[in-house]
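Asks: Need a 3D model of the sequence below.
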Amino acid sequence: MGTRRKIVAASAAAVLAAALVVSTASSAVAAPTDCSYQLNTQQRWASSFCATGTGEHRIRVMQRHFLPEVGLIPIEGPWVPAGSTSFANISAHTTINVWVETRG
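Replies: Have a look, this model is predicted:
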């Protein structure tokens, strides 16, 4: 086999190996799905749960302080894997938004 053919064969093998790594990585990581959250303003907590996926999620809450000059209070729980619960304590201030943030 000539030098040129060896270079072409090595290049083709490298491209195939890179494509295999990329396709394997993209299918192995999927953002969590089937997510829900709970908010309990009486006991002052919020939580999120995602049933499927391989990435992570966390609960996010936005509250408005009763003093306008203070503004918004962002609250977030820890990143946890799908199948686990992200939990955060909240304040007694007005809750204006609750959502589940995902990555993965």
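Asks: residue ranges with poor pLDDT in the protein?
Replies: Scanning the chain for pLDDT under 70 picks out 1-28.
Asks: got the domain boundaries for it?
Replies: 1-30, 33-103 (automatic domain parsing).
Asks: any chance of the ones you listed in a markdown table, with mean neighbour count too?
Replies: C-betas here are computed from N, CA, C, even on glycine. Below are those laid out as a markdown table (neighbours: other CB atoms under 10 Å):
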| stretch | mean neighbour count |
| --- | --- |
| domain 1-30 | 10 |
| domain 33-103 | 15 |
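Asks: For stretch 32-52, report the contacting residues that lie outside it.
Replies: Contacts to stretch 32-52, defined as CB atoms under 8 Å, 6 or more residues apart in numbering, come from residues 53-59, 61, 75, 77, 82-92, 95, 98-100, 102, 104.
Asks: Now the terminal residues of that stretch, how far apart.
Replies: 6 Å (CA to CA, to the nearest Å).
Asks: got it, and stretch 85-93?
Replies: 23 Å.
Asks: And stretch 66-78, by the same measure?
Replies: 26 Å.
Asks: so who does I73 touch?
Replies: Counting by CB under 8 Å, 6+ apart, I73 has contacts M62, Q63, R64, H65, S91, H93.
Asks: what's the answer for P74, then?
Replies: By CB under 8 Å, 6+ apart, the neighbours of P74 are R60, V61, M62.
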